[in-house]
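**Q** Structural data only, the sequence is not supplied:
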């Protein structure tokens, strides 16, 4: 999977409206998500992104469906694996 796809999936899952992650930052996000232990949640994914890129701009909505976060973790795993 390409880093562009990972970036778009992160934007969709976290409702990111403005950010400019570098290639190295996207690879680090993918690496951390691949190594993530525990239940995937929007908050957990957001924390990983925030730790790597610092601040980003996102929309806040109530009742957001988090079912796609498992898919996001799988995509990140594929990205990290293809970089090895």
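**A** Alright, I've got the coordinates. On a predicted model such as this, the values are computed, not experimentally measured, just so you know.

**Q** Break down the protein into its strands, ranges please.
**A** With strands called from DSSP state E, the chain shows them at 16-18, 57-58.

**Q** which helices and strands sit right next to the last one?
**A** Using 3 or more C-beta pairs under 8 Å, 6 or more residues apart in numbering; DSSP states H and E, the elements in contact with strand 57-58 are strand 16-18. For the C-beta atoms, the positions are set from N, CA and C on the backbone; glycine is no exception.

**Q** quick one on the thing from earlier: TSV for the strands of the chain, including mean pLDDT?
**A** Listed next are the strands of the chain as TSV, based on pLDDT from 0 to 100:
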stretch	mean pLDDT
strand 16-18	90
strand 57-58	82
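
**Q** So for residue 74, which of the ones you listed sits nearest?
**A** Distances from residue 74 to each of the strands of the chain were compared by C-beta to C-beta, and the smallest falls on strand 16-18, at 19.3 Å.

**Q** What helices and strands are in contact with that closest one?
**A** strand 57-58.

**Q** For residue 70, list the residues it contacts.
**A** Applying C-beta atoms under 8 Å, 6 or more residues apart in numbering, we find residue 70 in contact with residue 40.
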